[in-house]
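Participant: would you be able to build a 3D model of this:
(chains A and B)
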Protein chains: 2
Amino acid sequence: MLLEPVSLTVDQAKIDLYAAVSDDFNPIHVDPAFAAQTAMGGVIAHGTMSLNLIWQSLARSLPELDMEGVTLDVRFLRPVRIGDTIASGGERRGDGAYDVWISNQRDEQVIAGTLVIAAQQDVRVAASD
Amino acid sequence: MLLEPVSLTVDQAKIDLYAAVSDDFNPIHVDPAFAAQTAMGGVIAHGTMSLNLIWQSLARSLPELDMEGVTLDVRFLRPVRIGDTIASGGERRGDGAYDVWISNQRDEQVIAGTLVIAAQQDVRVAASD
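Facilitator: Predicted coordinates for the structure are as follows:
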């Protein structure tokens, strides 16, 4: 079973709004002139801004999912930059866990990991196989 | 070494704003009347809204941290509700990984897990021991 993909094209306005909501005004996110002079070479999006897409995929595919008991194990692999279009994905494995990922427009994974739903949850699956 | 704590008191306005930014308008978050009739008995905050506090702690304590190569393994233990005050925490272990958590005003952990920074990163620690 695949999780419903959710995509997002990143621009400075979205990053600025995310900074305000998350109270994270690190200049690597919100100061293009500063960011350009760092090793990153420009603004990068907040890691959790990307991670949120996995939640949206979960919410759409498993609308009855209760987050209590959910374990998420993710690795941040690549930065997300202005102009990137990222998309979430996920696939249920034979053991009931989900491989989850965020990829960019070059099909590079920017976040990858595993999500495990507590066994006692009998989650009705909205998405088709 | 302890990560700098960051706290947040949750209200409906913050949840509504977070819903807009994350495009996650699940009624369990944004519809108090609906949420009251569910097993949760009322509105709960987005899981990633709480998780963001861990990022803020990291950003304050390790300002040079590059998210690339960071692995986060967290378990969502309890819901966060309107009126709750949650706070992030973290402690560097002997093996260099960080135990990280979010607790509520009753000192109950709502999220707990581990964060591992890629070994090649020589992160300057801003917080004191």
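Participant: touching chain B at all, the longest helix seen in chain A?
Facilitator: The longest helix of chain A (DSSP state H) is helix A:47-61. Yes. Applying C-beta under 8 Å from any C-beta of the partner chain, one finds helix A:47-61 in contact with chain B at A:47-48, A:51-52, A:55-56, A:59. For the C-beta atoms, the positions are set from N, CA and C on the backbone; glycine is no exception.
Participant: once you drop chain neighbours, what's closest to A:Asp99?
Facilitator: Nearest residue to A:Asp99, sequence neighbours excluded (C-beta to C-beta, 6 or more residues apart in numbering or on different chains): A:Glu91, at 5.2 Å.
Participant: where does the prediction get shaky in chain A?
Facilitator: A:119-129 (pLDDT under 70).
Participant: over to A:Ile15: give its phi and psi.
Facilitator: phi -70, psi -40 (degrees, to the nearest 10).
Participant: hmm, back to that, which elements pack onto the longest helix of chain A?
Facilitator: Using 3 or more C-beta pairs under 8 Å, 6 or more residues apart in numbering or on different chains; DSSP states H and E, the elements in contact with helix A:47-61 are strand A:7-9, helix A:12-22, strand A:71-76, strand A:85-92, strand A:98-103, strand A:109-116, helix B:12-22, helix B:47-61.
Participant: do stretch A:21-38 and chain B meet?
Facilitator: Yes. Judged by C-beta under 8 Å from any C-beta, stretch A:21-38 and chain B are in contact via A:21-24, A:26.
Participant: for chain B, what are the nearby residues on chain A?
Facilitator: Contact residues (C-beta under 8 Å from any C-beta) of chain A with chain B: A:6, A:17-18, A:21-24, A:26, A:39-40, A:44, A:46-48, A:51-52, A:55-56, A:59, A:63, A:66-79, A:113.
Participant: list only buried entries from these.
Facilitator: Among these, the ones that count as buried by 16 or more other C-beta atoms under 10 Å in any protein chain shown are A:6, A:18, A:21-22, A:24, A:26, A:44, A:46-48, A:51-52, A:55-56, A:59, A:66-79, A:113.
Participant: and A:Tyr98, what does it touch?
Facilitator: A:Tyr98 sits next to A:3, A:90-92, A:114-117 when contact means C-beta atoms under 8 Å, 6 or more residues apart in numbering or on different chains.
Participant: any idea how far it lies from chain B?
Facilitator: Remark: distance between A:Tyr98 and chain B (C-beta to the nearest C-beta, to the nearest Å) = 14 Å.
Participant: could you do A:Asp16 as well?
Facilitator: Distance from A:Asp16 to chain B, by C-beta to the nearest C-beta: 11 Å.
Participant: who's in contact with that residue?
Facilitator: Here A:Asp16 is in contact with A:Val30 (criterion: C-beta under 8 Å, 6+ apart).
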